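Q: Need a 3D model of the following:
(2 chains)
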Amino acid sequence: MKFLVNPNKFNNIADVLLKPLFIISIILLILGLLFSFYLSPDDYQQGSTVRIMYVHVPSAWLALLTYVIMTLYSIVGLAFKIPFGFIVNTAVAPVGAIFTLICIISGSLWGKPMWGTWWVWDARLTSVAILFIVYLIIIFMNLSFENRFVREKVVAIFVLVGSVNLPIVKFSVDWWNTLHQPATISKLSKPNIDPSMMMPLIIMTFAFMMIGMTIAILRIKTEIISRKSNLN
Amino acid sequence: MSLRFQRLLFILLTLVIILSAILLILYNTRANVSYFYTPSEINKSDIVINKIIRIGGFVENNSFNKISSSKFKFKITDEKESILVTFNGILPDLFREGQGAVIEGAFVDNNIFNATNVFAKHDENYMPASIKEDLKDTGYWNKKYK
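A: Predicted structure coming up:
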């Protein structure tokens, strides 16, 4: 498991994984889109609009997952003084930001026909908007600061502070009255979604995961190279 | 205790403290964080006429009345209390009796709430349309899916 913290070992494994990951992500995306558009039924209440879920929910999960990974790597970087933690932090922040943006945009497009509004300031939507702003601040912090060693520590601390938002995003629908409905898949028992609709959701989640991993690996490799050549 | 373990402990403790501080703030302001009140949370004696608030609940069965093409009258209920609502405008697609809804507006007197905005709320259940017909045919249609 050394490749998770060692840049050279990571590079070796990344070189092997990159091509298969890229191919798998394309296959999964095609399969997932086929399922979401043609091979899944209309909802009993929402009709065809329910298909927005197959983009909205995976991107929301991935936005949160990316931030969890950044939080873990910030702790690794700060507590154990492992520079690879900071490399990952710098590299994956834009990936998480894009997933959050996809989640917000698809959610708006879903909200207009179903709820009757593009946006409301309820607890779930507001906390996701804050998550997006936190991602943006991290990206801009990574572009500022002359001294790299100061910058990566400041960014890692900011990532840790921002991680407080994660449980708020996740549990906002349970703690407060929100317009957003509570989680469908929250317990290990039978979820409140039909298997025929669960299928495209799972495929799309894996597709998004693979795409995110492919981009993240590319960005981490780039970051390692630029640090080795002292570009920043 | 090694130095890196001390740093780890320091980071985790800091996180716990920040998280509990923020959760305490949010817990004590939960009335403002919540997007709407339920009908039973509204105390009849506390009603402020013409103050804009939001109320969420279900549209009561057999309460929906169409007065004209864009004027509607219905009741919002949480199965304990219900509130009479008038609305002039376009209702969202999902709006129907038994469906969750959030309405924004103000009380015009102690009993009548005049809505300026109506949002439909949908639940976390997803089901193919064909299964609904099957369930209805066989009599297994669960009221909670309405």
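
Q: drop to CA atoms for contacts and neighbour counts, all remaining ones
A: Fine.

Q: Please report the distance of the residue nearest the centre of chain A from A:Met141.
A: Per Cα atoms, centre = their mean, the C-alpha nearest to the average position across chain A is that of A:Ala63, at 2.3 Å. Look at A:Ala63 and A:Met141: by Cα to Cα, to the nearest Å, they are 19 Å apart.

Q: show me where the chain has helices.
A: In the absence of a named chain, this looks at chain A. Taking DSSP state H as the criterion, chain A carries its helices at A:7-37, A:53-79, A:83-114, A:123-143, A:148-162, A:165-175, A:195-228.

Q: that's the other chain; I wanted chain B
A: B:3-28, B:30-33, B:129-138.

Q: Name the residues that touch the second one?
A: With Cα atoms under 8 Å, 6 or more residues apart in numbering or on different chains as the contact definition, helix B:30-33 has outside contacts at A:Asp122, A:Ala123, A:Trp176, B:Leu26.

Q: Spit out the contact partners of the residue of chain B found nearest chain A.
A: Per Cα to the nearest Cα, B:Ala129 is where chain B lies closest to chain A, at 3.7 Å. Taking Cα under 8 Å, 6+ apart as the criterion, B:Ala129 is in contact with A:Pro41, A:Asp42, A:Asp43, A:Tyr44, A:Gln45, A:Gly47.

Q: same question, A:Val88
A: Going by Cα under 8 Å, 6+ apart, A:Val88 touches A:Met70, A:Tyr73, A:Ile220.

Q: Chain B contacts on chain A?
A: Applying Cα under 8 Å from any Cα of the partner chain, we find that chain A lies next to chain B at A:41-47, A:75, A:78-80, A:113-117, A:121-123, A:160-161, A:164, A:176-184, A:192-194, A:196-197.

Q: in terms of contact, does B:Gly57 touch B:Gly100 like I think?
A: Yes. Counting by Cα atoms under 8 Å, B:Gly57 does reach B:Gly100; the two are 5.5 Å apart.

Q: more neighbours, these two?
A: Shown here are B:Gly57 and B:Gly100; by other Cα atoms under 10 Å in any protein chain shown, B:Gly57 has more neighbours (26 against 23).

Q: what about that one, distance to B:Glu104?
A: 12 Å.

Q: Map the structural domains onto the sequence of chain B.
A: What automatic domain parsing lists as the domains of chain B is B:1-33, B:35-121.

Q: Please identify the buried residues of the first one?
A: Spelled out, that is domain B:1-33. By neighbour count with 16 or more other Cα atoms under 10 Å in any protein chain shown, domain B:1-33 contains the buried residues B:Arg7, B:Leu8, B:Ile11, B:Leu15, B:Leu19, B:Leu26, B:Val33.

Q: cool, stretch A:27-42 as well?
A: For stretch A:27-42, by 16+ other Cα under 10 Å, it's A:Leu28, A:Leu29, A:Leu31, A:Gly32, A:Leu33, A:Phe35, A:Ser36, A:Ser40, A:Pro41, A:Asp42.

Q: Export the buried residues of domain B:1-33 as a markdown table, with columns for pLDDT.
A: Converted to a markdown table, those look like this (pLDDT from 0 to 100):
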| residue | pLDDT |
| --- | --- |
| B:Arg7 | 90 |
| B:Leu8 | 91 |
| B:Ile11 | 91 |
| B:Leu15 | 92 |
| B:Leu19 | 91 |
| B:Leu26 | 86 |
| B:Val33 | 79 |
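
Q: before we move on, the earlier item: as CSV, the helices of chain B with distance to B:Lys71 would be great.
A: Output for the helices of chain B, formatted as CSV (distance: least, Cα to Cα, whole Å):
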stretch, distance to B:Lys71
helix B:3-28, 38
helix B:30-33, 30
helix B:129-138, 30
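
Q: and those, which one is worst for confidence?
A: Note on the helices of chain B: helix B:129-138 shows the lowest mean pLDDT, a mean of 68.

Q: Show me the shaky parts of chain B.
A: Across chain B, the ranges flagged by pLDDT under 70 are B:132-146.

Q: Quick check: residues of it near chain A?
A: Applying Cα under 8 Å from any Cα, we find that chain B lies next to chain A at B:4-5, B:7-8, B:11, B:15, B:18-19, B:30, B:33-37, B:91-94, B:102, B:118-132.

Q: Return the residues in contact with the closest residue to A:Thr100 other than its chain neighbours.
A: Leaving aside its sequence neighbours, A:Thr100 sits nearest to A:Ala63 (Cα to Cα, 6 or more residues apart in numbering or on different chains; 5.2 Å). Counting by Cα under 8 Å, 6+ apart, A:Ala63 touches A:Gly96, A:Ala97, A:Phe99, A:Thr100.

Q: repeat for A:Ile215
A: With Cα under 8 Å, 6+ apart, A:Ile215 has these contacts: A:Val95.

Q: go on, A:Val76?
A: A:Ile82, A:Gly85.

Q: Run a quick neighbour tally on the closest residue to A:Leu29 other than its chain neighbours.
A: Take A:Leu29 and drop its neighbours on the chain: the residue closest to it by Cα to Cα, 6+ apart is A:Ala207, 5.1 Å away. By the criterion of other Cα under 10 Å, A:Ala207 has 24 neighbours.

Q: I'd say A:Leu160 and B:Leu15 touch.
A: Yes. A:Leu160 is within contact range of B:Leu15, at 7.2 Å (criterion: Cα under 8 Å).

Q: Smallest distance to chain B belongs to which residue of chain A?
A: A:Tyr44 (3.7 Å).

Q: ok, now how distant is that residue from B:Leu91?
A: Using Cα to Cα, one gets 19 Å for the distance from A:Tyr44 to B:Leu91.

Q: likewise A:Leu21?
A: Separation of A:Leu21 from B:Leu91 (Cα to Cα): 46 Å.
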